[in-house]
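[1] Structural data only, the sequence is not supplied:
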């Protein structure tokens with residue numbers, strides 16, 4: 001394992017979100033990683049991002065679907081419910 005990988009892995013393990021600029025800065029400082037290390041770091045970065053996103057429950061989805069059926073299209077309630085339905089249906 002390279003020093004770059006070890007430092008980035010430690011940062012991710014501490015729960016710190018890393019931007020692409022952060023990764024590039026560490027690479028410039030300590031040197032390049034192997035292809036396998038790069039894949040692992042990117043995978044972990046994406047996992048942390050997904051975990052930070054709030055998931056929509058089935059109950060929230062069903063309630064939002066009811067609002068879509070009753071609220072006037074374009075109203076704030078309709079738009080809010082639409083976001084919940086779209087997020088649930090996209091698998092988030």
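    Okay, I see it. Note that the structure is a prediction, hence the values are computed from the model and not measured.
[2] ok, and for stretch 45-64, which residues are buried?
    By neighbour count with 16 or more other C-beta atoms under 10 Å, stretch 45-64 contains the buried residues 45, 56, 60-61, 64. To be clear about C-beta, it is placed using only N, CA and C from the backbone, and glycine gets the same treatment.
[3] and those residues as JSON lines, adding distance to residue 36 and secondary structure?
    Below are the buried residues of stretch 45-64 laid out as JSON lines (distance: C-beta to C-beta, whole Å; DSSP: H, G, I helix; E, B strand; the rest coil):
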{"residue": "45", "distance to residue 36": "15", "secondary structure": "helix"}
{"residue": "56", "distance to residue 36": "34", "secondary structure": "coil"}
{"residue": "60", "distance to residue 36": "39", "secondary structure": "helix"}
{"residue": "61", "distance to residue 36": "38", "secondary structure": "helix"}
{"residue": "64", "distance to residue 36": "42", "secondary structure": "helix"}
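[4] Can you name every helix or strand that the lowest-mean-pLDDT helix or strand in the chain contacts?
    Across the helices and strands of the chain, the lowest-confidence element by mean pLDDT, DSSP states H and E is helix 35-52, at a mean of 86. The contact analysis (3 or more C-beta pairs under 8 Å, 6 or more residues apart in numbering; DSSP states H and E) places helix 35-52 against helix 3-13.
[5] so the helix it packs on versus helix 35-52, what angle?
    Relative orientation of helix 3-13 and helix 35-52, computed by axes from the mean of the first three to the mean of the last three C-alpha atoms, to 10 degrees: 10 degrees.
[6] circling back to that earlier point, and the buried residues of stretch 45-64, which is the shakiest by pLDDT?
    Ranked by pLDDT, the buried residues of stretch 45-64 bottom out at residue 56 (83).
[7] Skipping its backbone neighbours, what lies nearest residue 4 in space?
    residue 30 (4.2 Å; C-beta to C-beta, 6 or more residues apart in numbering).
[8] Tell me how many other residues surround that neighbour.
    15 (other C-beta atoms under 10 Å).
[9] Quickly note the distance from it to residue 87.
    38 Å (C-beta to C-beta, to the nearest Å).
[10] before we move on, the earlier item: which of the buried residues of stretch 45-64 lies closest to residue 5?
    residue 45 (12.8 Å; C-beta to C-beta).
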